[in-house]
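Peer 1: predicted coordinates and the sequence they were generated for:
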Amino acid sequence: MEKINFYLIFANLLDYPDEKKLSLFERFENIVGLHYTGEIPPLENLEIEYTKLFVNAHPYLPAPPFASVYLNSENLYDEIESFYQSVGYGIETREFPPDYLIYELVFLSNLFNDENYKAERKFLISHFLPWFEKFVKKVKENDETGFYSFICEKINIFLNNRLKELKDGETNLQKRVF
């Protein structure tokens, strides 16, 4: 069975939308056998919704994609940066702080590719899942298209199933994860 890096797929799906990402979304649906209910919103609507949810909205950002918003830790940036470095990674070109959702998903993707399952599990438990579940709730409460809610819901299901696999010693994603 082909090794599919869902972390990387999710990092792309939760990045700013474009035609390539919509195509990736359709491939994702076919891979997992789950389909978005209703019609996928036009790209322009997704761009507007993405900006409203994750980039810029008045009077506040409904679903900031940063762990620091959801976790109460004075040294969060240093902790995350240290975790990245402890397994040989860093952020070369930085537009955002190290707790940015996309950076963390790419980091998990790298751990998965490197088969560093111990670090993957540790990062999920100690850092990613505690804030991501709160983020998903904010997305669901504020996503007017339902598109990003759908993606976040599938990511959450995947992460919880992935964590069970890692706990049970299963590392190959052979099981159905959605």
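Peer 2: Sure, I can see it.

Peer 1: in stretch 127-143, what counts as buried?
Peer 2: His127, Phe128, Leu129, Trp131, Phe132, Phe135, Val136, Lys138, Val139, Lys140, Asn142, Asp143 (16 or more other C-beta atoms under 10 Å). Placement of C-beta: from N, CA and C, glycine included.

Peer 1: which one of those is nearest Asn56?
Peer 2: When the buried residues of stretch 127-143 are ranked by distance to Asn56 (C-beta to C-beta), Asn142 comes first, at 13.6 Å.

Peer 1: from Leu13, how far off is that closest one?
Peer 2: Distance from Asn142 to Leu13, counting by C-beta to C-beta, to the nearest Å: 17 Å.

Peer 1: now Leu61
Peer 2: As judged by C-beta to C-beta, Leu61 and Leu13 stand 19 Å apart.

Peer 1: and those two? Which one has more around it.
Peer 2: Taking neighbours as other C-beta atoms under 10 Å, Leu61 and Leu13 compare with Leu13 leading, 22 against 18.

Peer 1: tell me the secondary structure at the spatially closest residue to the more buried one that is not a sequence neighbour.
Peer 2: Excluding the flanking residues, the one nearest Leu13 by C-beta to C-beta, 6 or more residues apart in numbering is Ile151, at 5.2 Å. Using DSSP: H, G, I helix; E, B strand; the rest coil, the structure places Ile151 in helix.

Peer 1: quick one: contacts for Ile151?
Peer 2: Contacts for Ile151 (C-beta atoms under 8 Å, 6 or more residues apart in numbering) come out as Phe10, Leu13, Leu14, Phe25.
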